[in-house]
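Trainee: coords below, sequence missing:
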């Protein structure tokens, strides 16, 4: 057995870790724009030599806004996915139904949290920062795929947010303390969500043939390509905002592909190589694990 997760224990852990929105980010709190928002391992802005340190920090803050905006979009399609998964089990395992509905409730709270962050960012940042969307259209495109493919994408995202906080955010003293506190509390609840997603993926994969899982992996890659196109568009939006904020054009030919690759690692690659995600794939289909491992370097 590659994990010992179950619905009852995970629900108990979730209830102990829960927090209230106002205790984490009040509606009147302000961000510190003298600090960075995203760790360098994700933003990759300090390595852009054609930008001054001030301009690198501005692009870092735009990337931080992008980070929570995109995770807000992601959480919006996770909600209906969870409700669809819970519906067939309403008269079955009570722990399972309660755990999944609590999971959905926490994701709705995270969407609310990220909207508060967005409003604080808009209050303090000098120009508008465009974000891909609308979120409803992105969600519809993703949710039209095989539920196993969607479940794997969500599982990858849940585990990679764990790694982002523990590996890059937790000990970074250069980040805005309010942003760090937000990410700490997000991490606390997402730690339980990753376990529940593992159980959901197990259920969706149960009884499938190798060919059926292979087909789901094809659709996993289709979703990945769709997200990758969005990340390329988002990288261009970020440079639009940077040029407006600093009042000069930048070397888009060099910076655009570099920032697109930073987004690829942040939102896709860092999840594809997460050990927990790889363990789920290996258990269900070594061939699926191999296909994703072979594609991962493209997103490094």
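Mentor: Perfect, thanks for sending it. Remember, it's a predicted structure, so these values are computed and weren't measured experimentally.

Trainee: could you use CA atoms for every contact and neighbour count after this?
Mentor: Will do.

Trainee: in the chain, which helix is the longest?
Mentor: Taking DSSP state H as the criterion, the chain has its longest helix at helix 210-246.

Trainee: okay, and for this protein, where does confidence drop off?
Mentor: 1 (pLDDT under 70).

Trainee: re earlier: identify the residues contacting the very next helix or strand once past the longest helix of the chain?
Mentor: Next in sequence after helix 210-246, counting helices and strands by DSSP states H and E, comes helix 252-264. The set of residues external to helix 252-264 that reach it, using Cα atoms under 8 Å, 6 or more residues apart in numbering, is 42-45, 48, 228, 231-232, 235-236, 239, 299-300.

Trainee: quick one: which of these is nearest residue 34?
Mentor: residue 45 (15.6 Å; Cα to Cα).

Trainee: count of neighbours near the residue lying closest to residue 236 once chain neighbours are set aside?
Mentor: Take residue 236 and drop its neighbours on the chain: the residue closest to it by Cα to Cα, 6 or more residues apart in numbering is residue 256, 6.5 Å away. A count of neighbours around residue 256, defined by other Cα atoms under 10 Å, yields 20.

Trainee: how much space separates residue 256 from residue 50?
Mentor: Per Cα to Cα, to the nearest Å, residue 256 is found 12 Å from residue 50.

Trainee: likewise residue 300?
Mentor: Distance check for residue 300 against residue 50: by Cα to Cα, it reads 22 Å.

Trainee: just residue 253 next, same as before
Mentor: For residue 253, the distance to residue 50 - Cα to Cα - is 12 Å.

Trainee: quick one: residue 147 and residue 204 touch, right?
Mentor: Yes - at 7.3 Å, residue 147 counts as touching residue 204 under the criterion of Cα atoms under 8 Å.

Trainee: so which of the two has more stuff around it?
Mentor: Higher neighbour count among residue 147 and residue 204: residue 147, with 21 against 18, using other Cα under 10 Å.

Trainee: which residues touch that one?
Mentor: Counting by Cα under 8 Å, 6+ apart, residue 147 has contacts residue 204.

Trainee: re the thing from before, where's the longest helix of the chain relative to the chain centroid, distance-wise?
Mentor: The chain centre lies 12 Å from the centre of helix 210-246; the measure is Cα atoms, centre = their mean, to the nearest Å.

Trainee: same check, this time on stretch 88-99
Mentor: Centroid separation for stretch 88-99 versus its chain: 26 Å, with Cα atoms, centre = their mean.

Trainee: same check, this time on stretch 208-228
Mentor: 19 Å.

Trainee: and stretch 18-31, what's buried?
Mentor: Neighbour counts over stretch 18-31 (16 or more other Cα atoms under 10 Å) mark 19, 21, 24-25, 31 as buried.

Trainee: out of the residues you listed, list just those in helices.
Mentor: Checking those against DSSP H, those in helices are 21, 24.

Trainee: and of the buried residues of stretch 18-31, the nearest to residue 136?
Mentor: residue 21 (23.8 Å).

Trainee: for residue 277, which residues are in contact?
Mentor: Each residue near residue 277 by Cα under 8 Å, 6+ apart is listed here: 155-156, 159, 271.

Trainee: and which of those residues is nearest residue 63?
Mentor: Nearest to residue 63 among the contacts of residue 277, with distances taken as Cα to Cα, is residue 271, at 18.3 Å.

Trainee: and the closest one, how many neighbours?
Mentor: Residue 271 sits with 27 neighbouring residues when counted by other Cα under 10 Å.

Trainee: next, it: phi, psi?
Mentor: The phi/psi pair for residue 271 (degrees, to the nearest 10) reads phi -80, psi -40.
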